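> coordinates only, sequence not included:
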Ligand SMILES: Nc1ncnc2c1ncn2[C@@H]1O[C@H](COP(=O)(O)OP(=O)(O)OP(=O)(O)O)[C@@H](O)[C@H]1O
Ligand SMILES: [Mg+2]
């Protein structure tokens, strides 16, 4: 799909500033479609090709929210001959609004159109074409009368290059639309008219008195948007909280004549429910964080219990086994501790690695020194990958500090001679995650095969990496001595 900007760049001679002006118009013209109950098109002259008839190109289209559309087809990107859209061409050339009627092929009769020159600086750069049904041409109610009156004033602003406003923020999903509640005020901010939906919004804010002739602040609505918009001649959006449970989003659009604000339109939307949902989401986040925090605390309690129990065991083997279990529980707690700070489904894995390295360093028996370094980064890892991967890395690091630098008899070798090095390398690419742990220790026993080892530590690692995460693990001799462990996980 081509955006208006791409279209304009490829097929028109608009300058970047002119294009920005038109984009602001496209960002704020829903109010024009709704106030006039009309379909709107934005047409600009296409770049001329020598020897060919000049064309217009449709840069934007919007339908009213409050009436059926007159233009069911998508016209954006279409080019038409200037001679066949002569009313638009005339508005472009003359710089004035040109009204008339055109034959509507689908409806089968002529429909009224209004061609409004869009000025930027002192140049007419585009034409806004309003297409509407004869049925809406004459207002039937007070609110329709007021809509049309304001629409007329905004058209004047477009032809005078005063609408759209410079630096106006492009509307968001939440920006109120005319149908949400429409209030017209005079140059001093006194209410001249409020639409039925606006009256409902005032009622929800607890305002039941007569609105006409009063300023919002006199009615007890503490909205500074109107004062600001009138004073600065710029639109202002504000959220007004009335009583603790009602929140209304107020957008105030000043109406200018010769650069002076002589009135303003206030669009108001009750966003109480939207905000309530926002708050619920926030508290859901807090709850998830709390759960991770408690899981971490519980895991720490379990690891302390194991450690206490280990101390009471007479058997050396039993003690060692309980210490191992304690360490494994702690490596899981590391992940929950990080999730308790940021409960997204993505975990910054470098923080986890840093904690695991600290744990491994702490378990180094003091008679031999081991230096662990980390290079690279896995970036953010999903929470369900992070836990198994963290436990696996903890095992491998533990093996390195426990076995790589031990003497042939299993006792620590003479450490004063040599410092052991362990290098952890992390990489995250399109092929997935890759973790390598390399040590410069004594290397594996001859005939060692990770596929066949029955010892607990590496069985756990194999299970986590291969069965749980669908990855692969290899373990072999590192170049230049020592052991190299490599884990690869497929991309998620
Ligand atoms: N980095 C290493 N350098 C030298 N030998 C290693 C290394 N890593 C593992 N090994 C050898 O592989 C064996 C199996 O490791 P594994 O982690 O499965 O068991 P473990 O460490 O002996 O016991 P635990 O169940 O407590 O982890 C170790 O006993 C050790 O002989
Ligand atoms: Mg081990």
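That came through fine. On a predicted model such as this, the values are computed, not experimentally measured, just so you know. Ligands and ions are numbered 1, 2, ... in the order given.
> near ligand 1, which residues of the stretch 201-350 of the chain are found?
residue 324 (Cβ under 6 Å from any ligand atom). For every residue, glycine as well, the C-beta is placed using N, CA and C.
> wait, residue 211 touches residue 202, no?
Yes. Using Cβ atoms under 8 Å, residue 211 makes contact with residue 202 at a distance of 6.5 Å.
> what about the two, which has more around it?
Counted by other Cβ atoms under 10 Å, residue 211 and residue 202 do not tie: residue 202 has more neighbours, with 23 against 19.
> roughly how far apart are that one and residue 71?
Separation of residue 202 from residue 71 (Cβ to Cβ, to the nearest Å): 35 Å.
> so who does the residue in the chain positioned nearest to ligand 1 touch?
Minimum separation of the chain from ligand 1 (Cβ to the nearest ligand atom) falls at residue 457, amounting to 2.3 Å. Neighbouring residues of residue 457 by Cβ atoms under 8 Å, 6 or more residues apart in numbering: 324, 395, 398-399.
> residue 312: how many residues sit nearby?
Neighbourhood size, residue 312 [other Cβ under 10 Å]: 9.
> please apply the same query to residue 42.
22.
> give me phi/psi at it?
Main-chain torsions, residue 42, degrees, to the nearest 10: phi -110, psi 120.
> what's the answer for residue 224, then?
phi -90, psi 0.
> beta partners for the residue nearest to it when sequence neighbours are not counted?
Distances taken as Cβ to Cβ, 6 or more residues apart in numbering put residue 238 closest to residue 224, at 6.7 Å, once the chain neighbours are dropped. In this entry, residue 238 is beta-bridged to residue 250, by DSSP bridges.
> could you point out the longest helix in this structure?
Longest helix in the chain, counting residues (DSSP state H): helix 272-312.
> helix or strand right after it?
As assigned by DSSP states H and E, the chain's next helix or strand after helix 272-312 is helix 316-341.
> go through that next one and flag the buried ones.
For helix 316-341, a neighbour-count test (16 or more other Cβ atoms under 10 Å) marks 319, 322-340 as buried.
> how about the residues of the stretch 301-450 of the chain near ligand 2?
In this structure, the stretch 301-450 of the chain approaches ligand 2 at residues residue 399, judged by Cβ under 5 Å from the ion.
> before we move on, back to that, I'd say the residue nearest to residue 224 and residue 223 touch.
Yes. Judged on Cβ under 8 Å, residue 238 makes contact with residue 223 at a distance of 5.8 Å.
> looking only at neighbour counts, state which of these two leads.
Between residue 238 and residue 223, counting by other Cβ under 10 Å, residue 223 is the more crowded of the two (23 against 16).
> tell me the SS of that one?
Classification of residue 223 by DSSP: H, G, I helix; E, B strand; the rest coil places it in coil.
> ok, it to residue 159 distance?
30 Å.
> one more: residue 325?
Here residue 325 is placed at a distance of 79 Å from residue 159 (Cβ to Cβ).
> domain-wise, how is this protein divided?
If you go by automatic domain parsing, the domain ranges for the chain are 4-159, 178-270, 274-343, 345-492.
> turn the ones you listed into CSV, including distance to residue 165 and mean pLDDT.
Below are the domains of the chain laid out as CSV (distance: least, Cβ to Cβ, whole Å; pLDDT from 0 to 100):
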stretch, distance to residue 165, mean pLDDT
domain 4-159, 7, 91
domain 178-270, 6, 91
domain 274-343, 25, 86
domain 345-492, 39, 88
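> tell me, what's touching residue 238 and residue 223 both at once?
Common neighbours of residue 238 and residue 223 are listed as 250, 252 (criterion: Cβ under 8 Å, 6+ apart).
> quick one: contacts for the residue in the stretch 151-300 of the chain that ligand 2 sits nearest to?
Closest to ligand 2 within the stretch 151-300 of the chain is residue 299: 19.8 Å, counting by Cβ to the ion. Shown in contact with residue 299 (Cβ under 8 Å, 6+ apart): 329-330, 332-333, 336.
> repeat that with 10 Å
329-337 (Cβ atoms under 10 Å, 6 or more residues apart in numbering).
> now swap in residue 312 and tell me
Residue 312 sits next to 318-319, 322 when contact means Cβ under 10 Å, 6+ apart.
> for ligand 2, what's the nearest residue on this structure?
Closest approach between the chain and ligand 2, counting by Cβ to the ion: residue 457, at 2.8 Å.
> how close does residue 300 get to residue 480?
39 Å.
> looking at these two, which is more packed in?
Using other Cβ under 10 Å, the more surrounded residue of residue 300 and residue 480 is residue 300, with 15 against 7.
> ok, the more buried one touching residue 331?
No. Assessed by Cβ atoms under 10 Å, residue 300 is found out of contact with residue 331, at 11.8 Å.
> what sits against residue 80?
Contacts for residue 80 (Cβ under 10 Å, 6+ apart) come out as 43, 46, 55-58, 88-89.
> list phi and psi for it.
The phi and psi values for residue 80, taken as degrees, to the nearest 10, are phi -140, psi 150.
> same check on residue 124?
phi -90, psi 120.
> quick check: bridge partners of it?
With DSSP bridges as the rule, residue 124 is bridged to residue 119.
> ok, it - how many residues close by?
Around residue 124 there are 19 other residues, counting by other Cβ under 10 Å.
> the helices in the stretch 1-150 of the chain, which residues?
4-11, 16-28, 30-36, 86-94, 134-137, 142-159 (DSSP state H, counting those that start in this stretch).
> give me the next element, helix or strand, following the longest one.
In this case it means helix 142-159. Downstream of helix 142-159, the next assigned helix or strand under DSSP H and E is strand 182-186.
> that next one pairs with which strands?
As assigned by DSSP bridges, strand 182-186 forms pairs with strand 191-194 (antiparallel), strand 260-270 (antiparallel).
> looking at the ones you listed, which one is packed in the most?
strand 260-270 (a mean of 21; mean count of other Cβ atoms under 10 Å).
> which residues touch the closest residue to residue 107 other than its chain neighbours?
Among residues not flanking residue 107 along the chain, residue 70 sits closest, at 7.4 Å (Cβ to Cβ, 6+ apart). With contact set as Cβ under 10 Å, 6+ apart, residue 70 has these partners: 37-39, 63-64, 104, 106-107, 111-113, 130-133, 136.
> before we move on, the earlier item: by neighbour count, which of the contacts of residue 80 wins?
Ranked by neighbours (other Cβ under 10 Å), the contacts of residue 80 are led by residue 43, which has 28 neighbours.
> quick check: beta-bridge partners of it?
Beta-bridge partners, per DSSP bridges, of residue 43: residue 58, residue 127.
> picking that back up, out of the contacts of residue 70, which end up buried?
The neighbour-count test (16+ other Cβ under 10 Å) marks 37-39, 63-64, 111-113, 130-133, 136 as buried among the contacts of residue 70.
> mind putting these into TSV with distance to ligand 1?
Listed next are the buried ones among the contacts of residue 70 as TSV, based on distance: Cβ to the nearest ligand atom, whole Å:
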residue	distance to ligand 1
37	75
38	75
39	72
63	67
64	70
111	81
112	83
113	80
130	76
131	76
132	78
133	79
136	79
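> of the residues you listed, which pair is most distant in space?
Farthest-apart pair in the buried ones among the contacts of residue 70 is 63 and 112; separation 16.6 Å (Cβ to Cβ).
> do I have it right that residue 230 meets residue 236?
Yes. With contact defined as Cβ under 10 Å, residue 230 reaches residue 236; the gap is 9.4 Å.
> and for those two, which residues touch both?
Among the neighbours of residue 230, those also in contact with residue 236 (Cβ under 10 Å, 6+ apart) are 252, 254, 264.
> gap between the two ends of stretch 472-482?
End-to-end distance for stretch 472-482, by Cα to Cα, to the nearest Å: 20 Å.
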